[in-house]
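A.B. asks: Structure of the sequence below:
(chains A and B)
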Amino acid sequence: MLNVQTNELQQGATKLGGALNPHKVAAKDVSVYYGEKRALFDVTVNIPDRGVMAFIGPSGCGKSTFLRCINRMNDTIPICRVTGKITIEDEDIYDPSLDVVQLRARVGMVFQKPNPFPKSIYENVAYGPRIHGLAGSKAELDHIVETSLQRAALWKEVKDRLNDPGTGLSGGQQQRLCIARAVAVSPEVILMDEPCSALDPIATAKVEELIDELKQNFCIIIVTHSMQQAARVSQRTAFFHLGVLVEEGATNDIFTNPNDQRTQDYITGRFG
Amino acid sequence: MNEHIVKSYEEELALLDKKIAQMGGLAEHILGHAFDALERRDPKLAEQVVRNDKQIDQLEREIEEQVISMIARRQPLANDLRHVMAALRITGDLERIGDLAKNIAKRALAIAHESHPKPLMTGMRHMGELALAQLKQVLDAYAARDADRALAVWRDDENIDSMYNSLFRELLTYMMEDPRNIGLSTHLLFGAKNIERVGDHTTNIAETVHFLVRGVNITDDRPKGDDTSSTLFSKS
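C.D. replies: Down below sits the predicted model:
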């Protein structure tokens, strides 16, 4: 009986695996300029669906700049110019006819410092689905809020105080609230910019466990300064240095036997 | 290779290499003495080998402790990770080589008062010299991070195996000639087997060095020269 179930599970997993897009997010020759200064040089990378890709590299290497290209956050900086092509599911996200608000619903983001809205826990999560018209009724909205908080592993801790302000939660809880908020609009891609650097080790472990869970359903891209975190949570790792994507590969390979000397020097803590 | 930003990390890795070199030197030393004791029928030297093996065991413990501590505190990655893992593996092989030297010395003690037939002893000596040379080569390959030299050692183990084969046959013949030779021959056979095992541990070290330098395991099959496990006790 158990065997049959395992088999079915495996078949299910294979089916799911067959449908995965190896190029969920694809970047080709992406360069970014801040005025005259060039911050990113011809980055080409494919990011698969249902997995975690980590971007590592020293400060100012361009990893966050590149992350912000994926939901067009760089548009908000007037002197910033992006060239090259980025597609999500083969759709050019820099196409002038594309609705940027819709794009940001498809590509959620979690920041370094937890930034809940100065509203209730419930409203923090409900806000996105409401403005995107994802819920037809109060009951539907309640359902979205509950499942999102559950997905963010926060439901049990907050279900009795949904009307308390989100800013009253602990740092780790606030960060998971921000993840719940990102998940609530059913995005396809979740960008995380150093999501644990303001958290203690226990809160960090909870967020990492959450990332492990979320990767079953989302394409997650995480920027982190912690090499150990990249090694722990990601399946693929990309190393950036001075605006160049130096090396991208299976996380296991990058951390045991990287190809490029610069990658090796950086992850082992040597002068580059 | 660039140096670590944290100097004490660099120093710890250097210390690890120093201890491996020390342990390797000691293993070579007592192995050489074990062969001499066997050949010269020198019980004093044999006893010294047995005593010296303790130093090797002590070094193994120190290296093991240091590796565990470095993994816990430094979380080494990439070539550093391979470095500490290689040290851990090599120290294990060297410790086994020390044990084998000790066993050979014990055989030397057991047969100190028996007559030593010359052709057999010459065979033993050649085999021992080859094993020693291989061990020295592989330790040099480790110190120099030379994967090619390690690969050469790995391939050459075949020679030790085939010497063991011929010695095995000679000893069988010797025993068949006169049952009174069986006691001595059995000790010598175990001694020869120990030398052959030294060769195997040396081969392990060669594989480790290759992994340390290149980051991948040796993939092709090693030529095997030892067929004594399938040799029948028959006149052939």
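A.B. asks: what residues does chain B put near chain A?
C.D. replies: Residues of chain B lying close to chain A (Cβ under 8 Å from any Cβ of the partner chain) are B:1-6, B:9, B:75-82, B:215-216. Every C-beta, even on glycine, is put in place using the N, C-alpha and C of the backbone.
A.B. asks: Weed out the non-buried ones from these.
C.D. replies: B:4, B:9, B:76-82, B:215 (16 or more other Cβ atoms under 10 Å in any protein chain shown).
A.B. asks: and those, which two are the farthest apart?
C.D. replies: B:Y9 and B:G215 (19.9 Å; Cβ to Cβ).
A.B. asks: so which of the buried ones among the residues of chain B next to chain A would you say is closest to chain A?
C.D. replies: B:G215 (3.2 Å; Cβ to the nearest Cβ).
A.B. asks: Please state the offset of stretch B:158-173 from the chain centre?
C.D. replies: Stretch B:158-173 sits 18 Å away from the centroid of its parent chain (Cα atoms, centre = their mean, to the nearest Å).
A.B. asks: mind listing the strands for the stretch 151-272 of chain A?
C.D. replies: A:189-193, A:219-223, A:236-241, A:244-250 (DSSP state E, counting those that start in this stretch).
A.B. asks: Turn those into TSV, including distance to chain B and mean pLDDT.
C.D. replies: Formatted as TSV, the strands of the stretch 151-272 of chain A follow (distance: least, Cβ to the nearest Cβ, whole Å; pLDDT from 0 to 100):
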stretch	distance to chain B	mean pLDDT
strand A:189-193	21	96
strand A:219-223	18	97
strand A:236-241	11	96
strand A:244-250	11	96
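A.B. asks: so which helix or strand takes in the most centrally placed residue in chain B?
C.D. replies: By Cα atoms, centre = their mean, the mean C-alpha position of chain B lies nearest to B:V198, the distance being 3.3 Å. Assigned by DSSP states H and E, B:V198 belongs to helix B:182-214.
A.B. asks: How about B:Y9?
C.D. replies: When elements are defined using DSSP H and E, B:Y9 is found to belong to helix B:7-40.
A.B. asks: how far out from the middle of the chain is the next helix or strand after that helix?
C.D. replies: For helix B:7-40, the following helix or strand on the C-terminal side (DSSP H and E) is helix B:43-74. With Cα atoms, centre = their mean as the basis, helix B:43-74 stands 15 Å off its chain's centre.
A.B. asks: who does helix B:43-74 touch, helix- and strand-wise?
C.D. replies: If you count contacts as 3 or more Cβ pairs under 8 Å, 6 or more residues apart in numbering or on different chains; DSSP states H and E, helix B:43-74 packs onto helix B:7-40, helix B:78-110.
A.B. asks: right, and the ones you listed - which one's nearest A:T76?
C.D. replies: helix B:78-110 (37.1 Å).
A.B. asks: For that closest one, the averaged confidence score.
C.D. replies: Across helix B:78-110, pLDDT averages out at 96.
A.B. asks: which is the next helix or strand following it?
C.D. replies: In the C-terminal direction from helix B:78-110 (assignment by DSSP H and E), the next one is helix B:118-144.
A.B. asks: Okay, angle between the helix or strand following that next one and helix B:118-144 too, please.
C.D. replies: Using DSSP H and E, the helix or strand that directly follows helix B:118-144 along the chain is helix B:147-177. Calculated by axes from the mean of the first three to the mean of the last three Cα atoms, to 10 degrees, helix B:147-177 forms an angle of 160 degrees with helix B:118-144.
A.B. asks: contacting residues around the residue nearest to the centre of chain B?
C.D. replies: B:31, B:97, B:100-101, B:131, B:135 (Cβ atoms under 8 Å, 6 or more residues apart in numbering or on different chains).
A.B. asks: Can you lay out those residues as TSV showing neighbour count?
C.D. replies: What follows is the contacts of B:V198, written out as TSV (neighbours: other Cβ atoms under 10 Å in any protein chain shown):
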residue	neighbour count
B:L31	25
B:I97	30
B:L100	26
B:A101	29
B:A131	28
B:L135	24
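A.B. asks: related to what we said a few turns ago, can you list the helices and strands packed on helix B:43-74 in JSON lines and add distance to A:G249?
C.D. replies: Below are the helices and strands packed on helix B:43-74 laid out as JSON lines (distance: least, Cβ to Cβ, whole Å):
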{"stretch": "helix B:7-40", "distance to A:G249": "25"}
{"stretch": "helix B:78-110", "distance to A:G249": "12"}
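A.B. asks: quick one, which of those is packed in tightest?
C.D. replies: Across these, averaging neighbours per residue (mean count of other Cβ atoms under 10 Å in any protein chain shown) puts helix B:78-110 on top, at a mean of 22.
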